[in-house]
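Structure, please.
(2 chains)
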Amino acid sequence: MPSMTEAVPLPWVLTLAGALFCVGLFGALSRRNTVGILLGIELMLNAVNINLVAFWRYLEPNVVAGQTFALFVITVAAAEAAIGLAMIIAIYRARQTVNADEVDSLRG
Amino acid sequence: MNTLITILFLVFAVFILVAAIMTVTVKNIVHAALWLISSFFGVGALYLLMEAEFLGVAQVLIYVGAVSILILFAIMLTRDLEGSQNRQLTPRWWIALIVPAALFGVLIVPTVMTHAWQLPPPPPAGQPPSISDAQQIGTAFMREYLLPFEVAAILLLVAMIGAIVVAFEEREQRRRVLTLAEQVRLRRQRQQQVATLPEPAVSAVQPSEATGSET
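Residues are numbered from 1 along each chain as shown, chains lettered A, B, ... in the order given. Model prediction:
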């Protein structure tokens, strides 16, 4: 019975997750559109989930904690997306813009 | 067989990374959302490859099914009158490039590659490895993770109520939603204003059109 643990070393999967996290971080830092920032954050949460599942599969495959934790991360990501997009819609109603540079009322 | 799995992993990895890079770099935000959806699909396939079949299905249902629809609706509702020909990246985007690149090159890769992972010994030949399946996850949610499970349910309820409260708009204050033809006409008017007047009007929607008939 072939499995991924024999075919692919764990550092490869972790490197993939790290690269995905860094791409998401770049998106969250560099986009001007607030929806684009949320897209970057979703990519980062996905990278964290890949890490959790990889550690579960390679280190503790018979304990459910890894998958359970990943499911909680998915739950929090869904709640975060709903609240974030509702806030973007509210900001757009008030200011007719979704550009993060122009929403600076709290700037000191 | 092992080479097949290695090739599959590499194909999925390249697919996920290319889709993610397109997500953060394309100009059109709708295209970015579509690239994000394909990246979600790749991550779901990777879960299936790692034999986390319940998580793979949950990924497709929640991310591809729900979150992406939410994002597409938010893009549709916040469509910018100016169009998408503006710059999408901040002026100092190269600083934003240095930070993740340094994080990846200096911190993540050396740590991951040099750390001695204490992998458990492979199971003896002919004996299937014990991997927790969907049934065990369900049992765990009803036993040792019951309290976090309930807290997650309350979190989702609170998020739903919060999203409705934040995005709710009183009927009296509701602006009329412009059709695409009206938007194009408005944009043409504003361009003519810019061409004729030295100082164009700043208001995004003209008052006569904004207070028009409710839809």
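
elements contacting the helix ranked longest in chain A?
Longest helix in chain A, counting residues (DSSP state H): helix A:65-95. Judged by 3 or more Cβ pairs under 8 Å, 6 or more residues apart in numbering or on different chains; DSSP states H and E, the packing partners of helix A:65-95 are helix A:34-59, helix B:53-59, helix B:68-77, helix B:134-142, helix B:146-167. C-beta here means a position set from N, CA and C on the backbone, and glycine is covered the same way.

And these: which comes nearest B:Thr25?
helix A:34-59 (10.2 Å; Cβ to Cβ).

Kindly calculate the angle that that closest one makes with helix A:65-95.
If you take axes from the mean of the first three to the mean of the last three Cα atoms, to 10 degrees, helix A:34-59 sits at 180 degrees to helix A:65-95.

now helix A:34-59: mean pLDDT?
Across helix A:34-59, pLDDT averages out at 93.

if we compare the helices and strands packed on helix A:65-95, which one ends up closest to A:Arg107?
helix A:34-59 (15.7 Å).

can the closest one be found next to chain B?
Yes. Against chain B, helix A:34-59 shows contacts by Cβ under 8 Å from any Cβ of the partner chain at A:35-36, A:38-40, A:42-43, A:46, A:49-50, A:53-54, A:56-59.

Can you flag the buried ones in those residues?
A:35-36, A:38-40, A:42-43, A:46, A:49-50, A:53-54, A:56-58 (16 or more other Cβ atoms under 10 Å in any protein chain shown).

from the residues you listed, which single one is nearest A:Ile89?
A:Val35 (10.1 Å).

Is it correct that the closest one is in contact with A:Thr97?
No. Applying Cβ atoms under 8 Å, one finds A:Val35 not in contact with A:Thr97, separated by 11.9 Å.

so what pLDDT did the closest residue to B:Ser130 other than its chain neighbours get?
Using Cβ to Cβ, 6 or more residues apart in numbering or on different chains and skipping the chain neighbours, the partner closest in space to B:Ser130 is A:Asn62 (4.4 Å). Predicted confidence (pLDDT) for A:Asn62: 85.

could I get the helices and strands packed on helix A:65-95 as CSV with distance to B:Trp93?
As requested, the helices and strands packed on helix A:65-95 are exported to CSV (distance: least, Cβ to Cβ, whole Å):
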stretch, distance to B:Trp93
helix A:34-59, 12
helix B:53-59, 30
helix B:68-77, 21
helix B:134-142, 41
helix B:146-167, 29
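
right, and these - which one's nearest A:Ala78?
With Cβ to Cβ, the closest approach to A:Ala78 among the helices and strands packed on helix A:65-95 belongs to helix B:146-167: 7.2 Å.

centroid residue for chain A?
A:Leu45 (2.0 Å; Cα atoms, centre = their mean).

where's it relative to A:Ala54, distance?
15 Å (Cβ to Cβ, to the nearest Å).

Longest helix in chain B, please.
Per DSSP H, chain B has its longest helix at helix B:2-25.

is it true that B:Glu53 touches B:Ser132?
No. At 11.1 Å, B:Glu53 and B:Ser132 do not qualify as touching, with contact defined as Cβ under 8 Å.

Look at the two and report which has more neighbours.
More crowded of B:Glu53 and B:Ser132, by other Cβ atoms under 10 Å in any protein chain shown: B:Ser132, with 22 against 13.

which SS state does that one fall under?
What DSSP: H, G, I helix; E, B strand; the rest coil gives for B:Ser132 is coil.

Not counting sequence-adjacent ones, nearest residue to it?
Using Cβ to Cβ, 6+ apart, the closest residue to B:Ser132 is A:Val64 (4.5 Å).

ok, that neighbour - contacts?
By Cβ atoms under 8 Å, 6 or more residues apart in numbering or on different chains, A:Val64 lies in contact with B:132, B:136-137, B:140.

got it, and A:Ser3?
B:5, B:51, B:129.

Tell me the secondary structure at the closest residue to the last one other than its chain neighbours.
Nearest non-adjacent residue to B:Pro129, counting by Cβ to Cβ, 6+ apart: B:Pro123, 4.5 Å away. Three-state call for B:Pro123 (three-state DSSP): coil.
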